[in-house]
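Novice: Let me see the structure of the following:
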Amino acid sequence: MSIEIKNITKIFGQQKALDDVSFSVDTGSIVGFLGPNGAGKSTLMKIITGLISPDNGQVVVNGVAVAENTEAIRKTIGYLPESNPLYYDMYVKEYLQFTANIYKIKETGKVVDDVIERTGLGNECKKKIGALSKGYKQRVGIAQAIIHNPQVLILDEPTTGLDPNQIVEIRNLILELGRDKTIMLSTHIMQEVQAVCSRIAILDHGRLVANGDTNQILKSNSGGNQIVEVEFNCGFDEQLLKQIANIVSIEPLGGNKYVVESDTDTDLRQSIFNFAVQNNLVVLTMQTKQNTIEEVFQKLTHN
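Specialist: Down below sits the predicted model:
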């Protein structure tokens, strides 16, 4: 395991920010870390990186307990905080050289040039950071997080405030980085999670409410029902759809399209084809549907 989070509890005054949270992140995976504002995501990320200490529990990164050796952990982890603090009066390349020197990196020039190329900063490296677009500022933040070639990358809201094109650019960069790093990604953009994350962990009021393979979590929160969207070639009395066994709901979408829900494990599509043949109908399109990450998120965190 790259990251093991064991029974972490953190209290600020009267507020329990994290309440006995435990889960693990496998080596080489990209994990989406989700939760409403105030759920405790940033607090846990800071505990993983050793910036703050838990009141109870332990975090182990690559076999090393964070509390026992924070210096070793910081060599292993790259961290992009939500605020992305940068020195706006420094030039991009100057700032990255400064960061490399903090990590006491040898061959600083080569390392800086490599990270500039990897993060797509080549055309911007001679500009002051304050003159960059927000998308390129995020790239600089990611560049400083990976300049020491960490095995684990913690990204807190890396695409907040970016336009759609910038989001796609950063998303592609994260996917590229995920080829050789374990990444823990906090975000409120559900499409981003669907696009890049193989696993998700969801916090609500400091407690872990879901953790596991993305597809499995979507399936387990569907209530066990099958949902199929189907389009027929012509109109008919929609009440006839009730002839199909175990149908629990029918939603007309217009244009001879329907969303049909069944509470059986038997493949609903075969039953729909049989229904069409019996009623002299032709199925033009048909696809199974499942809950989106957004729907699961709302279900698990809505109070």
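
Novice: In the protein, which residue is most central in space?
Specialist: residue 32 (2.5 Å; Cα atoms, centre = their mean).

Novice: my guess is that one meets residue 195, correct?
Specialist: No: using Cβ atoms under 8 Å, residue 32 makes no contact with residue 195, being 9.8 Å away. Glycine gets a C-beta too; all of them are placed from N, C-alpha and C.

Novice: Do you have the strands of the stretch 1-150 of the chain handy? List them.
Specialist: Remark: strands assigned in the stretch 1-150 of the chain by DSSP state E, counting those that start in this stretch are 3-12, 15-25, 30-34, 56-61, 64-65, 77-80.

Novice: any idea which of the ones you listed is most buried?
Specialist: Highest mean neighbour count among the strands of the stretch 1-150 of the chain (mean count of other Cβ atoms under 10 Å): strand 30-34, with a mean of 25.

Novice: Next, the angle from it to strand 15-25.
Specialist: Strand 30-34 and strand 15-25 are oriented at 160 degrees to each other (axes from the mean of the first three to the mean of the last three Cα atoms, to 10 degrees).

Novice: Strand 30-34 - contacts with which helices or strands?
Specialist: Judged by 3 or more Cβ pairs under 8 Å, 6 or more residues apart in numbering; DSSP states H and E, strand 30-34 is in contact with helix 41-48, strand 182-186, helix 190-196, strand 199-204, helix 293-301.

Novice: and that strand, which strands flank it?
Specialist: strand 182-186 (parallel), strand 199-204 (parallel) (DSSP bridges).

Novice: quick check: domain ranges of this structure?
Specialist: Here the domain assignment for the chain is 3-214, 226-299, based on automatic domain parsing.

Novice: got the ones you listed as TSV, with mean pLDDT columns?
Specialist: Output for these, formatted as TSV (pLDDT from 0 to 100):
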stretch	mean pLDDT
domain 3-214	92
domain 226-299	87
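
Novice: okay if I get those domains as a markdown table plus distance to residue 220?
Specialist: Putting the domains of the chain into a markdown table (distance: least, Cβ to Cβ, whole Å) gives the following:
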| stretch | distance to residue 220 |
| --- | --- |
| domain 3-214 | 8 |
| domain 226-299 | 9 |
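
Novice: For my notes, please list the helices and strands packed on strand 30-34 in JSON lines and give mean neighbour count and distance to residue 21 for each entry.
Specialist: Below are these laid out as JSON lines (neighbours: other Cβ atoms under 10 Å; distance: least, Cβ to Cβ, whole Å):
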{"stretch": "helix 41-48", "mean neighbour count": "23", "distance to residue 21": "7"}
{"stretch": "strand 182-186", "mean neighbour count": "24", "distance to residue 21": "13"}
{"stretch": "helix 190-196", "mean neighbour count": "17", "distance to residue 21": "19"}
{"stretch": "strand 199-204", "mean neighbour count": "24", "distance to residue 21": "7"}
{"stretch": "helix 293-301", "mean neighbour count": "17", "distance to residue 21": "15"}
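
Novice: With distance to residue 127 as extra columns, can I get these in TSV?
Specialist: Converted to TSV, these look like this (distance: least, Cβ to Cβ, whole Å):
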stretch	distance to residue 127
helix 41-48	29
strand 182-186	27
helix 190-196	27
strand 199-204	36
helix 293-301	36
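
Novice: hang on, the earlier thing: can you give me every residue that contacts the residue nearest to the centre of the chain?
Specialist: Residue 32 sits next to 185, 187, 192-193, 196-197, 199-201, 214, 293 when contact means Cβ atoms under 8 Å, 6 or more residues apart in numbering.

Novice: so how far is residue 199 from residue 25?
Specialist: 8 Å (Cβ to Cβ, to the nearest Å).

Novice: which residues do these two both contact?
Specialist: Shared contacts of residue 25 and residue 199 (Cβ under 8 Å, 6+ apart): residue 31.

Novice: With that, I have no additional questions.
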